[in-house]
Structures are given as structure tokens and as C-alpha cells.
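In: fold the stuff below for me.
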Amino acid sequence: MCGIIGYVGYRDALPILLDGLRRLEYRGYDSAGVAVLEDGQIAVRKTAGKLGRLVEITSRDPVRGHVGIGHTRWATHGIPTDDNAHPHADCTGRFVVIHNGIIENFLALRERLQSEGHRFRSDTDTEALAHLIE
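Out: The predicted structure follows:
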């Protein structure tokens, strides 16, 4: 089970995403993260642990933009670590994904993508999606 939120609008996305994640924290308490489109680049902040840790990180190193996604995680693949927290990016950082569910064939996908030169940073099944989109 995970909590997922997205925002597209005219207001600053980060406070809206964090408020939404607070409301969804019961769906995932292993880690939390956000990705915000900031000046044409995707800025990611994520951490293992409860949402409060993400709030601390983003207060020290905020992101500004009007489009973003957020995620609270309940781990199914990969233990709760900063690297395993969502969102996950492809090799270029142009694509980020968050996901709730299980990708049954992720090991086969991961092996194929690695043989094609993709570099994985996590142990999660979700990261394979970002590399497939890339």
C-alpha cells in the first residue's frame, strides 16, 4: 500500500504535495518523496523514514515549481532506504515515476535493461518503469 498525489496548477506545488502526503501517510510510512518540475528540470527529494524527515529535508533544501508528484511508501521490493524511496528516475533524470503495486517480472526487465547499459540505483521493481520509458 502506498500514498500517491500529484499537482498541476498555479500555486507552489511543494506545500500542496506535503499536505496531501500528510493525509495519505497511513498508506505508507517506510519512506516519502516528491518530484517537482523546477526551471525545466525535475528536482527530487526523498528519504527513508516517516514523512517528517521529508519535511525537514525540503525545509532545508526546498523545490519550487507548479507541477509535482509525491509518494509515501510501504515497502514491497527493497528495504526502506533513501535509494529505495520513490520517486525513481531514469539514467538521464528526464523521467521520474511513482507506483503502487507489484511488477511481477521486474527481475527479467531489470536484467534486460542492465544488459543495455541502464544503471539502477535502487532495489525496487518500480525503477524499471523509469528505465523502460527512457
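In: give me the buried positions along the lengthiest helix in the chain.
Out: Longest helix in the chain by number of residues (criterion: DSSP state H): helix 13-24. Within helix 13-24, the residues that count as buried by 16 or more other Cβ atoms under 10 Å are Ala13, Leu14, Ile16, Leu17, Leu18, Gly20, Leu21, Leu24. (Each C-beta comes from the backbone N, C-alpha and C, glycine too.)
In: tally of neighbours for the spatially closest residue to the second one that is not a sequence neighbour?
Out: This means Leu14. Distances taken as Cβ to Cβ, 6 or more residues apart in numbering place Val63 nearest to Leu14, at 5.6 Å, with adjacent residues excluded. Neighbourhood size, Val63 [other Cβ atoms under 10 Å]: 20.
In: and for Ala128?
Out: As a burial measure, Ala128 scores 27 neighbours (other Cβ under 10 Å).
In: let's verify the nearest residue to Leu21 once chain neighbours are set aside: helix, strand, or coil?
Out: Once flanking residues are discounted, Leu21 sits nearest to Gly70: 4.9 Å by Cβ to Cβ, 6+ apart. Following DSSP: H, G, I helix; E, B strand; the rest coil, Gly70 is assigned to strand.
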